[in-house]
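>>> I would like to see how this sequence folds:
(2 chains, ligands or ions: 2)
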2 protein chains.
Amino acid sequence: MAINLYDSAYALETAIRQSDEYRKLQEAYHAVTADPEAKQMFDQFRQIQLNLQQKQMMGQDISEQEVQQAQATVGMVQQNAKISQLMQAEQRMSMIISELNQVIMKPLEELYKQI
Amino acid sequence: MAINLYDSAYALETAIRQSDEYRKLQEAYHAVTADPEAKQMFDQFRQIQLNLQQKQMMGQDISEQEVQQAQATVGMVQQNAKISQLMQAEQRMSMIISELNQVIMKPLEELYKQI
Ligand SMILES: [Ca+2]
Ligand SMILES: [Ca+2]
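Ligands and ions are numbered 1, 2, ... in the order given. Next up, the predicted model:
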């Protein structure tokens, strides 16, 4: 890979690291990690999400009961202020990552449109 | 989103556009597009790939016959020099994109490791 490509990628990595959105995400993560109750709730939530995602990817059926359990956990988790802030910070960060990806992928997108 | 993030993303986009790998990919695409026989073969190949991917994503079964049809098309397509060069150029580009993504995603990866 050309030096210039690496340089540009590292410059973007630094810009992400220094962005307000990343700093807020870091703070929100640390707030959850420092609070054992929030941490345990959050881990449980992530585990349920992961299980559902894996089932979906493998084309397995998701039961009514599993959907209800997931919804109940989301409801519980959103009532915790620290987790709720973390989830908002994650959403903002993932919107930014997706905007950055749209910019970066433009050259390839242009090619695919032609063919 | 902060100006600096956009600037860095656009700088990386330009670096991709000016890279040898992207220029080679462009050339390979245009060589295929300019050759009706190669173009038709390539479109057919892409369509088969797309169908299989969609079936996989939706958890549908892929029949023995479909696997054989896909393999036969890959074999046929690889014997066309223009398509074979295009597929190689695509592979190199997608390796680079994945390396770039690893660099850019490092800040987030670090966070996820902590929690
Ligand atoms: Ca295409
Ligand atoms: Ca995590």
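>>> residue A:103 against residue B:11, yeah?
No - Residue A:103 is not in contact with residue B:11 according to C-beta atoms under 8 Å; the separation is 9.9 Å. C-beta here means a position set from N, CA and C on the backbone, and glycine is covered the same way.
>>> tell me the SS of the closest residue to residue A:111 other than its chain neighbours?
Nearest residue to residue A:111, sequence neighbours excluded (C-beta to C-beta, 6 or more residues apart in numbering or on different chains): residue B:29, at 5.5 Å. Following DSSP: H, G, I helix; E, B strand; the rest coil, we place residue B:29 in the helix state.
>>> residue B:29 is in contact with residue B:85, isn't it?
No - applying C-beta under 8 Å, one finds residue B:29 not in contact with residue B:85, separated by 9.9 Å.
>>> more neighbours: these two, which one.
Between residue B:29 and residue B:85, counted using other C-beta atoms under 10 Å in any protein chain shown, residue B:29 has the larger neighbour count: 20 against 17.
>>> how close does the more buried one get to residue B:65?
31 Å (C-beta to C-beta, to the nearest Å).
>>> what do you get for residue A:44?
44 Å.
>>> more neighbours: which of those two?
For the pair residue A:44 and residue B:65, the greater number of neighbours falls to residue A:44 (13 against 8), based on other C-beta under 10 Å.
>>> check which helices and strands the longest helix that chain A contains sits against.
Ranked by residue count, the top helix of chain A under DSSP state H comes out as helix A:81-104. The contact analysis (3 or more C-beta pairs under 8 Å, 6 or more residues apart in numbering or on different chains; DSSP states H and E) places helix A:81-104 against helix A:3-18, helix A:20-33, helix A:36-57, helix A:64-78, helix B:3-18.
>>> what sits up against the shortest one?
Residues outside helix A:20-33 that contact it (C-beta atoms under 8 Å, 6 or more residues apart in numbering or on different chains) are A:16, A:38-39, A:42, A:82-83, A:85-86, A:88-90, A:92-93, A:96, B:1-2, B:107, B:111, B:114-115.
>>> mark which of those are buried, thanks.
A:16, A:38-39, A:42, A:82-83, A:85-86, A:89, A:92-93, A:96, B:107, B:111 (16 or more other C-beta atoms under 10 Å in any protein chain shown).
>>> go through the residues you listed and say which is closest to residue A:60.
The closest of these to residue A:60 turns out to be residue A:42 (C-beta to C-beta; 24.8 Å).
>>> and the closest one, how far is that from ligand 2?
8 Å (C-beta to the ion, to the nearest Å).
>>> that residue and residue A:54, how far apart?
Taking C-beta to C-beta, one finds residue A:42 at 19 Å from residue A:54.
>>> with residue A:78 instead?
In this view, residue A:78 and residue A:54 are 23 Å apart by C-beta to C-beta.
>>> out of these two, which sits in the busier spot?
Using other C-beta under 10 Å, the more surrounded residue of residue A:78 and residue A:54 is residue A:78, with 13 against 10.
>>> look up the closest residue to that one, ignoring the ones flanking it.
Once flanking residues are discounted, residue A:78 sits nearest to residue A:84: 5.2 Å by C-beta to C-beta, 6+ apart.
>>> wait, the one you found touches residue A:74, no?
No - using C-beta under 8 Å as the test, residue A:84 is too far from residue A:74 to be in contact (10.5 Å).
>>> residue A:56 touches residue A:62, doesn't it?
Yes - counting by C-beta under 8 Å, residue A:56 touches residue A:62, with 7.0 Å between them.
>>> so which of the helices and strands packed on helix A:81-104 gets nearest residue B:49?
That would be, of those and by C-beta to C-beta, helix A:36-57, which comes in at 18.3 Å.
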